[in-house]
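Chemist: sequence first, then the predicted structure, then my questions.
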Amino acid sequence: MKYQIKFRSKMKGFALIEILLAVILLGIVSGLIFGTLINLNKSFLNSKLISQLYRIMQNEIERIKVMNYENIGIQGGFPPGNLPAEKIVSVNNVNFRLKFFVRNIDDPRDGTVTSTPRDSAPADYKLIEIEGECLNCFYKFNKQSLTTIIAPKALEVSTNNGSLFVKVIDAYGMPVANADIKVTFISSSPFVVNDKSSVDGVLPLVDVPPGLNAYAVTTTKDGYSVDQTYSPNDITNPILPHQTVASNQLTELTLQIDRLSNTNFYFSDKLCGTSSANLPFRLRGDKLIARNPDVIKTDIVTTTDNFGYKNLNLEWDSYKFDLGTSNYIIRGANFDWLNKIAINPGGNYVFKSGLADNLPNNLIIKVVDQNQNPLNKATVTLTQNSITMINFTGGDYIFNNNWLNNFSAISSGIDINASGKITLKNLGNGYSTATEWLISNTIDFGTTSVNYHIFMWDGTMPPGTVIKYQIAANNDNATWNFIGPDGSENSYFYDSMFVMPNTFNSQRYFRYKIFLQTTDPNVAPLVNEIKIYFDSLCLLDGYALFQNLANGTYNLQVEKSGYQIYNQNIDVDSNYKIINVILYP
């Protein structure tokens with residue numbers, strides 16, 4: 001009996017697993033079937049709507065065929081006629097937009113405007129194209145088109161008109177098909193032609209009226225740049241003036257467009273702070289639309305958003321970059337901001353720049369390897385006489401040397417002197433012999449992508465005095481657990497330079513706590529300055545910055561484990577100087 005109970009229990013367990021698997025498989029199969037049904041329904045509806053659109057366009061073609069030949073043209077366009085440039089047709093609450101194009105065709109069988117002898121009556125017949133699309137369909141489908149040719153019943157008549165051929169090419173000289181071309185005749189009896197380039201990139205306008213600088217031409221395409229002609233009355237010496245069409249002559253115009261590039265500009269100071277918000281900057285291209293005097297085609301003056309970000313769609317060109325403010329300098333970037341930014345067609349670019357306050361005599365050291373790859377954590381030392389300054393690439397430091405009204409908490413026995421330095425308070429009968437302390441203000445590094453490296457301090461400790469530290473970090477700006485080197489609240493950092501624990505990395509908010517002690521009430525220790533070295537997402541790879549340097553000659557030494565030491569004397573005599581350093585293995 002027990003055997004039977006166990007056997008039936010196992011069978012029940014297998015049944016539950018099988019049911020669960022069956023449910024999962026049923027869900028997968030049902031999803032596939034449902035997706036297939038949706039696609040079938042979409043295909044069926046689209047086929048039905050496309051058929052409806054073709055019937056509408058075919059009806060329009062039949063209506064055009066019975067029109068007088070001279071009336072077959074575009075209202076306000078060329079050839080002139082009674083057809084609208086576009087119209088909306090509604091069928092069962094579905095709105096279709098139709099666009100009409102009429103072109104004079106020069107048939108080569110009797111000569112053309114480019115042949116010898118020249119065809120004196122090049123407008124042999126008309127090509128009519130209707131392009132249709134649905135405006136409010138739930139499922140979108142591509143534009144559809146119908147074309148037909150209509151010839152005149154009468155014999156050709158010679159005119160004194162001319163022809164204008166517009167060719168559109170890309171940055172590499174290849175034809176651009178289906179480019180939108182707008183041609184405006186700005187002389188007497190004005191008209192506008194809105195048409196598209198052929199597969200060869202050409203729009204031939206045959207048998208158009210002559211005129212001096214009478215044809216304004218603009219071309220573009222979705223996602224492409226714009227090229228156009230310019231009026232000599234508006235711009236002196238335009239490179240592409242409005243076009244002249246002479247009687248019985250052919251005018252050929254080539255315009256150049258290509259895909260725009262998606263460019264993203266990011267600016268940040270070393271603490272990912274607000275100095276990059278609403279930051280003005282300028283981009284000036286090399287392309288000209290006029291000469292003598294030169295007129296630049298692209299000259300963009302813009303600002304970043306509240307987060308130091310700006311997205312721009314730029315046409316291919318080489319751009320000069322400039323900050324639009326003298327309050328800041330570029331301390332490093334992932335592009336050559338002092339020269340030109342090369343933008344190719346259809347690219348995606350991310351340009352990052354680091355900002356710093358514009359202080360006197362800024363020296364930027366860029367360190368790369370032999371392959372021009374930026375090197376981080378290279379120690380950069382500047383020495384002038386007895387003064388030594390240290391920084392490291394890819395990072396920077398926070399500098400505190402004045403604590404007047406610059407702390408979050410303080411014990412009663414701490415004194416901040418007139419120079420803002422930290423010492424013990426003289427109680428009248430000597431200094432306090434108790435352990436006194438000061439807690440710094442919160443340092444917001446602006447990101448959790450931060451790494452803490454070295455804590456350095458400078459001060460004086462007469463015999464019988466002690467200066468020691470604890471540090472704390474968090475991501476809530478509220479939980480402050482000050483610890484020493486062993487990770488407990490009972491240990492302290494004593495050295496004038498110590499490495500901060502890796503456990504502090506990736507924590508945005510930072511504080512330090514200074515402890516001052518003396519066993520002799522007649523002497524007191526003094527803290528002059530503190531430096532906290534770090535790197536973060538907002539600092540650029542390979543760069544180190546020195547500021548407020550005195551003019552003169554400095555010894556520059558750059559060293560990194562695994563590379564030869566770089567050593568050179570440099571002169572600092574300008575407000576902004578960049579030194580490029582290559583380290584070799």
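Modeler: Everything's here; your move. Numbers count the residues shown, from 1 in each chain.

Chemist: only C-alpha atoms for contact and neighbour calcs from this point on.
Modeler: Will do.

Chemist: buried sites along stretch 305-323?
Modeler: By neighbour count on 16 or more other C-alpha atoms under 10 Å, the buried set for stretch 305-323 is 307-310, 313-323.

Chemist: list the contacts for Asp124?
Modeler: By C-alpha atoms under 8 Å, 6 or more residues apart in numbering, the residues touching Asp124 are 104-107, 151-152, 156.

Chemist: ok, now with 6 Å
Modeler: 105-106 (C-alpha atoms under 6 Å, 6 or more residues apart in numbering).

Chemist: just the one 3 residues further on next, same as before
Modeler: Residues touching Leu127, when contacts are defined by C-alpha under 6 Å, 6+ apart, comprise 102-103, 148-149.

Chemist: if we use 8 Å, what do you get?
Modeler: Each residue near Leu127 by C-alpha under 8 Å, 6+ apart is listed here: 102-105, 147-150.

Chemist: wait, a strand at it?
Modeler: Yes - using DSSP: H, G, I helix; E, B strand; the rest coil, the assignment for Leu127 is a strand.

Chemist: count the residues that sit near the residue nearest to it when sequence neighbours are not counted.
Modeler: Excluding its sequence neighbours, the residue lying closest to Leu127 (C-alpha to C-alpha, 6 or more residues apart in numbering) is Ile149, at 4.6 Å. By other C-alpha atoms under 10 Å, the residues close to Ile149 number 15.

Chemist: test my guess that Ile149 contacts Lys126.
Modeler: Yes - if you go by C-alpha atoms under 8 Å, Ile149 and Lys126 touch, sitting 5.7 Å apart.

Chemist: against Leu283, how distant is the closest residue to Asp357 other than its chain neighbours?
Modeler: Spatial nearest neighbour of Asp357, chain neighbours left out: Tyr328 (4.6 Å); criterion: C-alpha to C-alpha, 6+ apart. Distance from Tyr328 to Leu283, counting by C-alpha to C-alpha, to the nearest Å: 17 Å.

Chemist: also Trp457?
Modeler: Going from Trp457 to Leu283 by C-alpha to C-alpha gives 43 Å.

Chemist: all helices for the protein, in order.
Modeler: Per DSSP state H, the chain carries helices over the ranges 2-65.

Chemist: and it, what are its domains?
Modeler: 69-256, 268-357, 359-395+539-585, 400-532 (automatic domain parsing).

Chemist: give me the distance between the two termini of the last one.
Modeler: Meaning domain 400-532. 9 Å.

Chemist: chain center to it: distance?
Modeler: Chain-centre distance of domain 400-532: 41 Å, with C-alpha atoms, centre = their mean, to the nearest Å.

Chemist: same question, the second one
Modeler: With C-alpha atoms, centre = their mean as the basis, domain 268-357 stands 10 Å off its chain's centre.

Chemist: residues of stretch 235-254 that come out buried?
Modeler: Using 16+ other C-alpha under 10 Å as the test for burial, stretch 235-254 gives 235-250, 253.

Chemist: how about residues contacting stretch 227-247?
Modeler: For stretch 227-247, the external contacting residues (C-alpha under 8 Å, 6+ apart) are 160-164, 209-220, 251, 253, 255-257, 288-293.

Chemist: so how far is Asn264 from Asp299?
Modeler: Taking C-alpha to C-alpha as the measure, Asp299 falls 17 Å from Asn264.

Chemist: repeat for Leu323
Modeler: Counting by C-alpha to C-alpha - Leu323 and Asn264 are separated by 16 Å.

Chemist: and for Val217?
Modeler: From Val217 to Asn264 the distance is 31 Å (C-alpha to C-alpha).

Chemist: circling back to that earlier point, so among the contacts of Leu127, which ones count as buried?
Modeler: In terms of neighbour count (16+ other C-alpha under 10 Å), the buried residues within those are 102-105.

Chemist: dump these to TSV, plus distance to Asn362 and pLDDT.
Modeler: Output for the buried ones among the contacts of Leu127, formatted as TSV (distance: C-alpha to C-alpha, whole Å; pLDDT from 0 to 100):
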residue	distance to Asn362	pLDDT
Val102	65	90
Arg103	64	86
Asn104	66	86
Ile105	67	81
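
Chemist: in the protein, which residue is closest to the centre?
Modeler: Asn264 (0.7 Å; C-alpha atoms, centre = their mean).

Chemist: distance of that residue relative to Ser276?
Modeler: To Ser276, Asn264 is 14 Å away according to C-alpha to C-alpha.

Chemist: before we move on, what about Met174?
Modeler: According to C-alpha to C-alpha, Met174 stands 41 Å off from Ser276.

Chemist: these two: who's more crowded?
Modeler: Neighbour count, other C-alpha under 10 Å: between Met174 and Ser276, Ser276 has more, with 24 against 13.

Chemist: who touches the more buried one in this structure?
Modeler: If you count contacts by C-alpha under 8 Å, 6+ apart, Ser276 has them with 267-269, 304, 306-308, 355.

Chemist: please redo it, this time with the cut-off set to 10 Å
Modeler: Counting by C-alpha atoms under 10 Å, 6 or more residues apart in numbering, Ser276 touches 266-269, 303-309, 328, 353-356.

Chemist: swap in Gly347?
Modeler: 259-263, 313-316.

Chemist: out of these, the closest to Asn401 would be?
Modeler: Of all these, Asn401 sits closest to Thr263, with 40.6 Å by C-alpha to C-alpha.

Chemist: you'd agree that closest one is up against Ile341?
Modeler: No - taking contacts as C-alpha atoms under 10 Å, Thr263 lies outside contact range of Ile341: 11.1 Å.

Chemist: in contact with the residue lying closest to Ile150 once chain neighbours are set aside, which residues?
Modeler: In space, and not counting its chain neighbours, Ile150 is closest to Lys126: 5.4 Å by C-alpha to C-alpha, 6+ apart. Counting by C-alpha under 10 Å, 6+ apart, Lys126 makes contact with 69, 72-73, 79, 102-106, 148-152.

Chemist: can you add distance to Asp200 and give those residues back as TSV?
Modeler: Below are these laid out as TSV (distance: C-alpha to C-alpha, whole Å):
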residue	distance to Asp200
Tyr69	28
Ile72	25
Gly73	24
Pro79	22
Val102	18
Arg103	16
Asn104	17
Ile105	15
Asp106	16
Thr148	20
Ile149	20
Ile150	23
Ala151	24
Pro152	27
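
Chemist: the bottom helix or strand of this protein by mean pLDDT?
Modeler: Sorting the helices and strands of the chain by mean pLDDT, DSSP states H and E puts helix 2-65 at the bottom, at a mean of 65.

Chemist: residues near the residue nearest to Ser536 when sequence neighbours are not counted, how many?
Modeler: The shortest distance from Ser536 to any non-neighbouring residue, by C-alpha to C-alpha, 6+ apart, is to Val450 (4.2 Å). Residue crowding around Val450 was assessed by other C-alpha under 10 Å; the count is 22.

Chemist: distance of Val450 from Lys560?
Modeler: Distance, Val450 to Lys560, using C-alpha to C-alpha: 21 Å.

Chemist: same check, this time on Ser440
Modeler: 32 Å.

Chemist: rewinding a little: go through the buried ones among the contacts of Leu127 and flag which are in strands.
Modeler: Applying DSSP state E to these, the entries found in strands are 102-105.

Chemist: what sits opposite Ile414 in the beta ladder?
Modeler: Per DSSP bridges, the residues bridged to Ile414 are Leu424.

Chemist: enumerate every residue touching it.
Modeler: For Ile414, the contact set (C-alpha under 10 Å, 6+ apart) comprises 422-426, 431-432, 435-438, 515-516.
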